[in-house]
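Trainee: Mind folding the following:
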Amino acid sequence: GETPQPLHYDDSFCLVPRPRAPFSVGAIWAIDDFTAHNGSTVIVPGSHRWSDKERPEAGQGVPCCMPQGSVVVFLGTLWHGGGENRSKHARTAVTFQYCEPWIRPQENQFLSVPFQVAKTLPARVQALLGYSIHPPFIGHSNGRHPLHALARL
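Mentor: You can find the predicted model right below:
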């Protein structure tokens with residue numbers, strides 16, 4: 001079992017008034033079946049259009065039930081949370097959040113992934129880790145593309 005996760009929206013890290021366009025998109029892949037009994041993610045339909053003054057009320061969320069292998073994709077402005085798991089088994093999922101390239105990551109991948117490992121990764125993975133530039137120059141290191149830092153090692 002598990003207690004429910006408080007309802008939240010992922011774009012809350014950007015203190016820009018709502019309603020507004022989302023700065024991220026979330027994706028949750030169900031490794032196990034998602035049911036109301038085992039704590040399926042709960043979403044609040046239409047909440048992605050709310051202002052800062054609006055908050056979900058108790059019971060307003062709807063379980064996002066889906067069979068294993070399914071994925072739910074939602075805007076970063078949508079209120080959601082993990083439901084209460086009333087079963088005796090874990091409910092496993094993989095979740096990713098895709099953010100605008102100018103937003104600083106929640107986890108600093110430069111410190112989480114050793115340079116020696118980052119050097120060996122495909123170019124697309126390096127870019128996703130932050131070894132990239134958002135034009136014209138967001139993400140530079142000492143005025144240069146961050147891949148130059150990897151080349152020095």
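Trainee: what residue lies at the spatial centre of this protein?
Mentor: Among the residues of the chain, the one closest to the centroid is Q97, at 2.5 Å (C-alpha atoms, centre = their mean).
Trainee: So it, which state does it fall into?
Mentor: strand (DSSP: H, G, I helix; E, B strand; the rest coil).
Trainee: From P22, how far off is it?
Mentor: 11 Å (C-beta to C-beta, to the nearest Å). For the C-beta atoms, the positions are set from N, CA and C on the backbone; glycine is no exception.
Trainee: For the two, list the residues in contact with both.
Mentor: G76 (C-beta atoms under 8 Å, 6 or more residues apart in numbering).
Trainee: Which stretches in this protein count as helices?
Mentor: For the chain, the helices defined by DSSP state H cover 109-112, 115-118, 123-129, 147-151.
Trainee: what are the phi and psi values for H89?
Mentor: phi -120, psi 150 (degrees, to the nearest 10).
Trainee: residues contacting it?
Mentor: Counted by C-beta under 8 Å, 6+ apart, H89 has contacts 32, 38.
Trainee: before we move on, what about W79?
Mentor: Contacts of W79 (C-beta under 8 Å, 6+ apart): 7-9, 43-44, 47-48, 50, 56, 61.
Trainee: can you rerun that using 7 Å?
Mentor: W79 sits next to 7-9, 44, 47, 56 when contact means C-beta atoms under 7 Å, 6 or more residues apart in numbering.
Trainee: Export these as JSON lines, with columns for neighbour count, distance to R124 and pLDDT.
Mentor: Shown next, in JSON lines, are those (neighbours: other C-beta atoms under 10 Å; distance: C-beta to C-beta, whole Å; pLDDT from 0 to 100):
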{"residue": "L7", "neighbour count": "19", "distance to R124": "34", "pLDDT": "96"}
{"residue": "H8", "neighbour count": "12", "distance to R124": "30", "pLDDT": "96"}
{"residue": "Y9", "neighbour count": "23", "distance to R124": "28", "pLDDT": "96"}
{"residue": "V44", "neighbour count": "20", "distance to R124": "34", "pLDDT": "98"}
{"residue": "S47", "neighbour count": "21", "distance to R124": "33", "pLDDT": "98"}
{"residue": "P56", "neighbour count": "19", "distance to R124": "37", "pLDDT": "96"}
